[in-house]
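Colleague: Provided below for reference: sequence and predicted model.
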Amino acid sequence: MKKIVVTFLLLFITVYSYSQTTGFSLLKGKLVWENVYISKEPNVAALIARNSRLKITSVNGSLYKGTGTGLNKVCAGTSKVLSGGYNFNFEIELSQAKYRVTLSFISFNKGKKKLLAESHFLEKGKLKQTKEAKADMECMEEYLAKIFGQVSVYKNRS
């Protein structure tokens, strides 16, 4: 009986320590960031207008598509990769009393070159678990949640 309890405890600790605490995940081998926010009727245009580096490129009913370019947020303990700024495509999908924000094609500015986020955050097809990668994702998570959020986060995609 003791062995079973210890086994379950170790399993729980392992799963908890490797659990995803950000909205970053893999979708068909590509890195995406996604969060769902509760809001009865978000004014997407006003939400995007709050940041001059975001731009809506198309609207199709309740789906807004756009780009983010040259966004920059550096936190203590993060890598130099974030200091050059980053770019992405986004989709905002309105639904009943909530909206979903999905970022894709995330890249980092490295001088005149662009570094795909997959090359920085992925290793062998999985999210890196290094201290540096986790710090970078948490820093970006905080910034992205602030940019796209009007209210509180409903849930992270996990």
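Modeller: Perfect, I can see it now.
Colleague: And stretch 113-125, how far out from the chain middle?
Modeller: 14 Å (C-alpha atoms, centre = their mean, to the nearest Å).
Colleague: Give the buried residues for it.
Modeller: Leu115, Ala117, Glu118, His120, Phe121, Leu122 (16 or more other C-beta atoms under 10 Å). The C-beta positions use only the backbone N, C-alpha and C, and glycine is treated the same way.
Colleague: What is the end-to-end distance of that stretch?
Modeller: Start-to-end span of stretch 113-125 (C-alpha to C-alpha, to the nearest Å) is 23 Å.
Colleague: Now tell me what touches it from outside.
Modeller: For stretch 113-125, the external contacting residues (C-beta atoms under 8 Å, 6 or more residues apart in numbering) are 24, 26, 29-31, 79, 81, 86-87, 106-109, 127-128, 133, 136-137.
Colleague: quick revisit: closest one to Arg50 out of the buried residues of stretch 113-125, please.
Modeller: The closest of these to Arg50 turns out to be Ala117 (C-beta to C-beta; 23.2 Å).
Colleague: And that closest one, how far from Ile106?
Modeller: Counting by C-beta to C-beta, to the nearest Å, the gap from Ala117 to Ile106 is 4 Å.
Colleague: just checking, next helix/strand downstream of the lowest-mean-pLDDT helix or strand in the chain?
Modeller: Sorting the helices and strands of the chain by mean pLDDT, DSSP states H and E puts helix 2-17 at the bottom, at a mean of 41. The helix or strand immediately downstream of helix 2-17 is strand 24-27, counting by DSSP states H and E.
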